[in-house]
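Asker: Quick check, what structure comes out for this input:
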Amino acid sequence: MSRGPKSGIFVIAPIGGEVGARIAALQGAHDPRILKLGEPHVTIAGSSGMGPINPATTLEELKQTLGVIAAETAPITLRFGRPTKFMQTEIVVLPLDPHGPLRTLHERIQLSGLRSAPPRFFFTPHVTLSLYRELPKEALNALLRERFDEPVMVDRIEAHLTQDTGESRLLVSLPLLGS
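Answerer: Numbering: from 1, shown residues only. This next block holds a predicted model:
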C-alpha cells in the first residue's frame with residue numbers, strides 16, 4: 001500500500017457512552033497524547049481503504065454527499081475484537097469486523113465521487129488505544145488483556161479537517177437516519 005498523506009478530511013464515527021468513556025480512560029492512562037485526536041472513534045475514510053478527502057472539498061459538497069449517505073445509513077452496532085498490535089507496529093487497537101454495514105458505509109463514501117488521496121492501508125477498521133508511545137512490556141500486556149464485550153452503537157458520522165500535526169477541526173456532524 002502507498003504511504004499517502006496524513007492531512008485532509010477524515011470521516012469518523014465517534015464511540016460514545018460508557019464504552020467510549022472507558023476507551024478514553026485507557027487512552028489517557030497509556031498514551032495521553034492520543035486524547036488530542038478527540039473522543040474515541042472509528043476512522044471510516046481517511047486512512048485505511050481510502051485516503052483523506054481533498055481538503056479543497058467545499059463544506060456544501062461534503063454536507064450534500066455525506067448527508068445523503070448518512071440519511072440512508074441505519075445506526076450500526078459494532079463489536080470489538082480483542083486488543084491487538086496493529087500491523088507489526090507498537091500501535092494498540094481494538095479491531096472491528098471489516099465486513100457488513102461498516103464496510104458498506106466506507107464503500108459508499110469511497111465511491112461517492114469525493115476526491116481523495118490514495119489509502120495508506122487496506123480497510124482495517126479499529127479504535128486506537130495507544131498510538132504515540134511504545135509501552136513498557138507490563139503496560140502493553142495489561143492493555144492487550146482488556147476486553148470490550150458489550151456492543152456499541154454508532155449513530156453519527158463526522159467529517160474533520162485534519163493536519164498531519166494532529167490538529168483537527170470539525171466540519172460537519174451527521175446522524176445516521178436510515179432504517
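Asker: which residue lies farthest from the center of the chain?
Answerer: residue 138 (26.7 Å; C-alpha atoms, centre = their mean).
Asker: Quick check: which ranges of the chain have low pLDDT?
Answerer: 1-6, 165-166 (pLDDT under 70).
Asker: could you pull out the strands for the chain?
Answerer: Ranges of strands in the chain, per DSSP state E, are 8-14, 41-45, 76-78, 84-85, 92-95, 126-130, 152-154, 156-162, 168-175.
Asker: Report how many residues lie close to residue 31.
Answerer: Using other C-beta atoms under 10 Å, residue 31 has 21 other residues around it. All C-beta spots, glycine's among them, are computed from the backbone N, C-alpha and C.
Asker: Go ahead and confirm it touches residue 132.
Answerer: Yes - here residue 31 reaches residue 132: they are 5.5 Å apart, a contact under C-beta atoms under 8 Å.
Asker: What residue, apart from its backbone neighbours, is nearest residue 8 spatially?
Answerer: In this structure, residue 8 finds its nearest non-sequential neighbour in residue 52, 2.5 Å apart by C-beta to C-beta, 6 or more residues apart in numbering.
Asker: Roughly how far does that neighbour sit from residue 111?
Answerer: Between residue 52 and residue 111 the distance is 16 Å, computed by C-beta to C-beta, to the nearest Å.
Asker: Those two: which is more packed in?
Answerer: More crowded of residue 52 and residue 111, by other C-beta under 10 Å: residue 52, with 27 against 10.
Asker: returning to what we had before: didn't the residue nearest to residue 8 look like it was pressed against residue 117?
Answerer: Yes - judged on C-beta under 8 Å, residue 52 makes contact with residue 117 at a distance of 5.3 Å.
Asker: List the contacts of residue 80.
Answerer: 94-96, 127, 148, 152 (C-beta atoms under 8 Å, 6 or more residues apart in numbering).
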